[in-house]
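S.K.: No letters, just coordinates:
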């Protein structure tokens with residue numbers, strides 16, 4: 001950016017001398033066109049611009065003054081540098097290129113002073129714009145870091161709320177299975193360990209594929225099936241094309257747990273949970289046979305909050321006369 005800005009300013013401040021090509025023009029009375037001299041002035045202007053950009057934007061002793069709000073020495077050094085460059089470069093140009101009688105000696109230094117003053121002003125404006133863009137970018141990055149840190153902390157808090165809830169219900173179920181059928185309890189523990197292994201694995205992005213969620217939920221369904229003595233049934237009707245879609249980790253387990261907690265399940269009136277995809281939403285529905293059950297609502301509340309954080313979309317909860325339906329948004333990457 002420094003290079004292009006320096007080129008633009010040098011072209012802008014030296015292009016007026018092309019008017020000297022018109023012999024009867026006003027500029028021709030004060031300066032006769034000389035391609036070599038014009039090239040020298042352009043190179044001087046370009047080098048001066050680039051030097052100012054380099055010293056004022058690259059980390060160093062001059063930028064330290066600005067960063068520490070010591071503006072007086074900062075401006076003094078810039079003005080001194082500009083005046084020194086103007087005198088040195090002007091003197092070199094006067095020695096290399098001779099003046100014609102038609103040229104005014106005073107006009108030479110007036111033109112040099114004007115060009116260098118305009119250069120300092122234009123460079124100062126561009127430097128200010130660059131610093132503002134840097135500041136805006138740094139603030140955006142800082143806000144993003146804070147947002148990510150907040151999101152991670154909030155997700156971990158939600159997970160901590162969810163896991164004890166799941167653990168309490170699972171151990172309560174295991175206690176009943178052990179009393180009724182110790183041999184079946186061994187299979188229960190096997191499936192329970194598989195579910196807990198999946199629960200404790202925390203993906204870095206907090207998102208997993210639908211296929212991974214369905215694999216876990218099948219093991220969890222086996223736990224419910226043993227608990228309700230085959231009065232529980234899980235039907236999965238998800239097309240293969242949706243298996244690579246993403247959902248938050250542990251999206252389905254709270255819904256099965258919620259259905260089992262709030263509905264009776266008998267061989268005459270089994271509890272059936274159906275998982276399918278409707279309009280790009282992972283839909284989980286169960287028939288209703290409600291029973292009185294105490295609950296804090298942690299499962300659905302956490303699930304809703306995690307979808308808001310990770311997908312910026314909320315879940316849909318519907319209840320009809322005979323069904324409880326939860327629709328989960330899917331992320332297609």
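M.R.: Now that the structure is in, tell me what you want to look at. Here the structure is a predicted model, which is why all the values come from computation and not from measurement. Numbering: from 1, shown residues only.

S.K.: C-alpha from now on. contacts and neighbour counts both.
M.R.: Noted.

S.K.: List the contacts of stretch 45-64.
M.R.: 2-3, 6-7, 9-10, 74, 77-78, 85, 116, 119-120, 123, 127 (CA atoms under 8 Å, 6 or more residues apart in numbering).

S.K.: Could you rerun that using 6 Å?
M.R.: Residues outside stretch 45-64 that contact it (CA atoms under 6 Å, 6 or more residues apart in numbering): 6, 7, 10.

S.K.: any weak-confidence spans in the chain?
M.R.: Filtered on pLDDT under 70, the chain yields the residue ranges 16-33, 98-107, 146, 149-150, 153-163, 165-166, 169, 202, 204, 293-298.

S.K.: How is it divided into domains?
M.R.: Following automatic domain parsing, one finds the domains of the chain at 2-142, 182-329.

S.K.: The stretch 151-300 of the chain: helices as residue ranges?
M.R.: Taking DSSP state H, counting those that start in this stretch to define them, one finds helices in the stretch 151-300 of the chain at 182-200, 210-227, 253-262, 298-310.

S.K.: how close does residue 120 sit to residue 51?
M.R.: According to CA to CA, to the nearest Å, residue 120 stands 11 Å off from residue 51.

S.K.: no no, residue 271
M.R.: From residue 271 over to residue 51 (counting by CA to CA), the distance is 78 Å.

S.K.: And these two? Which one has more around it.
M.R.: Legend: neighbour count by other CA atoms under 10 Å for residue 271 and residue 51, higher for residue 271 (23 against 16).

S.K.: Hmm, residue 263 and the more buried one touching each other?
M.R.: No - with contact defined as CA atoms under 6 Å, residue 271 does not reach residue 263; the gap is 7.3 Å.

S.K.: Would you format the helices of the stretch 151-300 of the chain as CSV with distance to residue 145 and mean neighbour count included?
M.R.: Putting those into CSV (distance: least, CA to CA, whole Å; neighbours: other CA atoms under 10 Å) gives the following:
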stretch, distance to residue 145, mean neighbour count
helix 182-200, 25, 16
helix 210-227, 29, 20
helix 253-262, 30, 19
helix 298-310, 15, 18
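
S.K.: Pipe those helices into CSV and attach distance to residue 246 per row.
M.R.: CSV is the format used below for these (distance: least, CA to CA, whole Å):
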stretch, distance to residue 246
helix 182-200, 16
helix 210-227, 6
helix 253-262, 15
helix 298-310, 10
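
S.K.: now for those, which one comes closest to residue 173?
M.R.: The closest of the helices of the stretch 151-300 of the chain to residue 173 is helix 210-227. By CA to CA, the value is 6.7 Å.

S.K.: next one: the closest one to chain centre, how far?
M.R.: Its chain's C-alpha centre and that of helix 210-227 lie 34 Å apart, by CA atoms, centre = their mean, to the nearest Å.

S.K.: where's the closest residue in space to residue 303 that isn't next to it in sequence relative to residue 60, distance?
M.R.: Using CA to CA, 6 or more residues apart in numbering and skipping the chain neighbours, the partner closest in space to residue 303 is residue 251 (6.5 Å). Plainly put, residue 251 is 53 Å away from residue 60 if you go by CA to CA.

S.K.: Which of the two has more residues huddled nearby?
M.R.: Higher neighbour count among residue 251 and residue 60: residue 251, with 24 against 11, using other CA under 10 Å.

S.K.: roughly how far apart are that one and residue 207?
M.R.: Separation of residue 251 from residue 207 (CA to CA) stands at 10 Å.

S.K.: Same check on residue 277?
M.R.: Computed as CA to CA, the residue 277 to residue 207 distance reads 18 Å.

S.K.: now do residue 87
M.R.: Distance, residue 87 to residue 207, by CA to CA: 65 Å.

S.K.: When the two are compared, which one has more neighbours?
M.R.: Between residue 87 and residue 207, counting by other CA under 10 Å, residue 207 is the more crowded of the two (18 against 14).

S.K.: and the nearest residue in space to that one that is not next to it in sequence, how far is that from residue 309?
M.R.: For residue 207, ignoring the flanking residues on the chain, the nearest one in space by CA to CA, 6+ apart is residue 248 at 4.4 Å. Distance of residue 248 to residue 309, given as CA to CA: 10 Å.

S.K.: what do you get for residue 288?
M.R.: The spacing between residue 288 and residue 309, counted by CA to CA, is 30 Å.

S.K.: Same question for residue 330.
M.R.: To residue 309, residue 330 is 14 Å away according to CA to CA.

S.K.: go on, residue 112?
M.R.: Residue 112 is 60 Å from residue 309, where distance means CA to CA.

S.K.: and the most centrally placed residue in the chain, helix, strand or coil?
M.R.: For the chain, the residue nearest the mean C-alpha position is residue 144 (6.0 Å; CA atoms, centre = their mean). Three-state call for residue 144 (DSSP: H, G, I helix; E, B strand; the rest coil): helix.
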